[in-house]
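J.: below is the sequence, then the predicted model.
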Amino acid sequence: MKKKNKDMKLNRVIFATFATLQFAVPVFADDGATTNATEAAEIQVLKQEIQALDQKVEALEQRHSTEQQATNDTSKEQIQALDQKVRVLERLRENDQDATVAVAKAQPRLAVGASGVTFSSADTNFSISLHGVLQLDSRTFPSDGSINGNDSFLLRRARPILQGTVYRDFDFMFVPDFGGSTVQIYDAYVNYRYAPWAQLQAGKFKSPVGLESLQADVNTTFNERSLATDLVPNRDLGAELHGDLFGGVVSYAGGIFNGASDYNGTTTNADYDNDKAFAGRLFFQPWKTSDVAALKGLGFGFSGSYEIDRALGASATGLTPGYNTDGQQKFFTYTNGVAANGTHWRISPQGYYYYGPFGLLGEYVISDQEVTRPASGALRAASADLHNTAWEVTGGWVLTGEDASYNGIIPKHPFDPRNGQWGAWQLVGRYAELNVDNAAFPIFANPATSASAAQAWSAGLNWYLNKNIRVNASFSRTTFTGGNGSAATVTKQPENAIFTRIQLGF
Amino acid sequence: MKTFLKILLVSMLAISASAKEIKLLNVSYDPTRELYQDYNAAFAKYWKAKTGDDVVVNQSHGGSGKQAQSVINGLEADVVTLALAYDVDAISQQAKLLPADWQKRLPNNSTPYTSTIVFLVRKGNPKGIKDWDYLVKPGVSVVVPNPKTSGGARWAYLAAYAYALETFGHDDAKAKDFITKLYKNVPILDSGARGSTITFAQRGIGDVLLAWENEAHLALKEFGADKFEIITPPLSILAEPPVAVVDKNANRHGTAAVAQSYLAYLYSDEGQEIAAKNFYRPRNQAVADKYAANFTQLKLVTVDQEFGGWTKAQQTHFADGGVFDQIFQPQN
């Protein structure tokens, strides 16, 4: 600004000097003295005019400067106003975005993935999930003494699983099975979660006894559970208090149930007598929450059940319809008319160990059952306390290095041959035995058609394509003690069974 | 089996008898975050010493009206510490989660601390704002939250309205005209007090923020006293933020006793000190005297005096179709 003013002053001086010279030079050129006075007057007028012009120029410059300043001020205000408007618009947009996020958070959620389909309220206090299990099996029995009808494809399980939560603390599960010849309800219960360590479950669900039995169907090592599971109860109706203490280091379950016979593929929805059974389980995983990797997967415990059965008639025996081989063929059945009558208790020490790809699971079961047989013809009534035992050890090694666990295997590289990924592969083996009390023969079971003991070994290969699809192939050989009196019976010769399975679980 | 059941029973009793971790959910309004962060730590320490149990207090913050609606809709608050009694009344009346006379359960109508509405302006106060009448001048941009969702905004609205009533001899028409002009100068309504603070202090919008006294002090602390200054008008409103146990939720969670103690402890010397340090005006006179320098003296009118209580004020001014709906026209 200073420079500008200086320049303007300089201009004015140059202009005035130039104008003076313009008029002064001709005046000095004239010799006449008489003209001096007139010329001086003219010069004076011209000077005044120049001065007036100078003032006008100055006034114009000042006006211009004021106008410029005013324009600048207005522009500044306009810019500030525009800036505020832009800021307001940006903030409004920001608030709108926040509001959109808040609305989205308040909307019900839908999740679809490898774990099924789940709808839930925004606060997750209400949810409903759809899961499912589909197992297509084949069983082949080479050298089985021409027993007909046992080589087959079968739909082993076809179970839609509906589970969810209402009012945050109440869970429910409903599982029918369409896989067999008749539709059955396998699980139907409500569970109240007061806290992780105190939950009350009521309805129909797995009795808390067998370790292998409690493992989810999609996670069992072989197609069929072992001989040890023959002696534990299947699903039962009742109420159970259960929970996890210290972050799952200790788990407990104890409840009152109708009382189920030794493992029976067909579950019932009603009791056959008035007495109830008690079943419970304590399980420890002492290093579950520790950093000791080699021991984190160690779990052990014991379970048991106790009930008093009363024979109310031949139609309700309270006994298992039979003990099954790995191939699900009966190798032991009670004679018609024999009924559970008296105490029936079980006890089962059990445990597993998983470390990296290695897994080992074992359990021992005693099922002590008092039975009676009514008088029939020449035979007098009889009773006995039958002490049946079974045990099993199952081992596995995941060839592709994934961690083995009681809750299944998740492939690190799900099956995708286009990208050279082949899922997870697991080699598995098992040995199991079941021994029926010798006192069962011949009064309570026919020694010609029922074996007093079975020993089974199995080996197989499991292929986990991804979290949902699994393919199994295995071979089991079961040998029998006794029960070899009749042709075309299961126990006449060892059972050799080849199994395959394609499983979908989500 | 008997032995098994005994073991089970003993295990359960042992667990029940051992130290517990108790969780409380405190659903509060926008500017109390810092207050309750400090207070929760103090109460947890007090409760641990008293009972041996650990208390974890989770906090939820938002516009007071919005928060009350969330509790009505099922947010499982054990306690509410909201901006105004009307919002707690709404929970009582609409969701029946606590009795109608909840205010009688703790001293001072269940308001352990008070506050007021002040002006936060930019450093140097470029618009020369000194009192409420400066806010209606053309070219003054006022930032304040939405009274439909924010408790603080309702207090601010009523403070301005009370000023107009006092100035114009309780001429309601003139007061309405005044409040109309004021809200014509409001370019944006955030849903809560914290949002408005962000609008003013961080986004650089407006010439003046109508703020909770504690929020204004917090803004100075957080954004710098070299950027803003607090103007306390000669007259404002006595804001009484209430606290209450949400009985049905607390009973269901088994936290009723802890929740009651949690609120009662706000009246203790320690609780009052924490409130004062966070620029809430304490009820305890000794503590108030100790922290007198934090609080400029001004004339404080009450909702009961000027508006006939919260229920009437709510119906007249903030209900659908009320005065606020009539006078406010969004600018964008």
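T.: In hand now; what should we look at? Numbering: from 1, shown residues only, chains lettered A, B, ... in the order given.

J.: for the stretch 151-300 of chain A, what lies in contact range of chain B?
T.: Within the stretch 151-300 of chain A, the positions near chain B by Cβ under 8 Å from any Cβ of the partner chain are A:168, A:197-198, A:241, A:245, A:250, A:252, A:254, A:278, A:280, A:282. (C-beta placed from N, C-alpha, C; glycine too.)

J.: apply 10 Å and report the result again.
T.: Contacts of the stretch 151-300 of chain A with chain B, taken as Cβ under 10 Å from any Cβ of the partner chain, map to A:167-169, A:194-195, A:197-198, A:241, A:243, A:245-246, A:250, A:252-254, A:278-282.

J.: from B:Ala286, how far out is B:Tyr280?
T.: As judged by Cβ to Cβ, to the nearest Å, B:Tyr280 and B:Ala286 stand 16 Å apart.

J.: higher neighbour count, these two?
T.: Looking at B:Tyr280 and B:Ala286 with other Cβ atoms under 10 Å in any protein chain shown, you find the greater number of neighbours at B:Tyr280, namely 27 against 10.

J.: what's near enough to touch residue 90?
T.: Picked chain A for this. B:203, B:205 (Cβ atoms under 10 Å, 6 or more residues apart in numbering or on different chains).

J.: sorry, should have said chain B
T.: Contacts for B:Ala90 (Cβ under 10 Å, 6+ apart) come out as B:65, B:68-69, B:71-72, B:82, B:314.

J.: then B:Glu222?
T.: Shown in contact with B:Glu222 (Cβ under 10 Å, 6+ apart): B:34, B:197, B:201-202, B:228.

J.: how is chain B partitioned into domains?
T.: As given by automatic domain parsing, the domain ranges for chain B are B:2-112+B:241-293, B:117-237+B:302-327.

J.: export these to a markdown table and tack on mean pLDDT?
T.: Converted to a markdown table, the domains of chain B look like this (pLDDT from 0 to 100):
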| stretch | mean pLDDT |
| --- | --- |
| domain B:2-112+B:241-293 | 89 |
| domain B:117-237+B:302-327 | 94 |
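
J.: turn those domains into a markdown table, including distance to A:Asp98.
T.: What follows is the domains of chain B, written out as a markdown table (distance: least, Cβ to Cβ, whole Å):
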| stretch | distance to A:Asp98 |
| --- | --- |
| domain B:2-112+B:241-293 | 11 |
| domain B:117-237+B:302-327 | 8 |
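
J.: all strands in chain B, in order from the N-terminus.
T.: Along chain B, the segments classed as strands by DSSP state E run B:21-29, B:54-62, B:79-81, B:113-114, B:117-122, B:142-143, B:208-212, B:228-231, B:235-237, B:243-245, B:281-282, B:299-301.

J.: just checking, what packs against the host helix or strand of A:Leu136?
T.: Per DSSP states H and E: A:Leu136 is located in strand A:127-140. Counting contacts by 3 or more Cβ pairs under 10 Å, 6 or more residues apart in numbering or on different chains; DSSP states H and E, strand A:127-140 packs against strand A:109-113, strand A:116-120, strand A:152-166, strand A:170-177, strand A:469-481, strand A:495-505.

J.: pull out the buried positions in stretch A:199-214.
T.: Under the neighbour-count criterion of 16 or more other Cβ atoms under 10 Å in any protein chain shown, stretch A:199-214 has A:199, A:201, A:203-214 buried.

J.: take those residues and keep only those in strands.
T.: Counting by DSSP E, the buried residues of stretch A:199-214 place A:199, A:201, A:203-206 in strands.

J.: adding distance to A:Ala456 and pLDDT, write these out as CSV.
T.: Listed next are these as CSV, based on distance: Cβ to Cβ, whole Å; pLDDT from 0 to 100:
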residue, distance to A:Ala456, pLDDT
A:Gln199, 36, 97
A:Gln201, 33, 98
A:Gly203, 33, 97
A:Lys204, 29, 97
A:Phe205, 28, 97
A:Lys206, 23, 96
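
J.: which of those residues lies closest to chain B?
T.: Closest to chain B out of those is A:Gln199 (12.0 Å), distances taken as Cβ to the nearest Cβ.

J.: quick one, what contacts the closest one?
T.: Shown in contact with A:Gln199 (Cβ under 10 Å, 6+ apart): A:169, A:171, A:191-193, A:240-244, A:253.

J.: which residues of the stretch 201-332 of chain B lie near chain A?
T.: Residues of the stretch 201-332 of chain B found near chain A (Cβ under 10 Å from any Cβ) are B:202-207, B:252, B:254, B:330-332.
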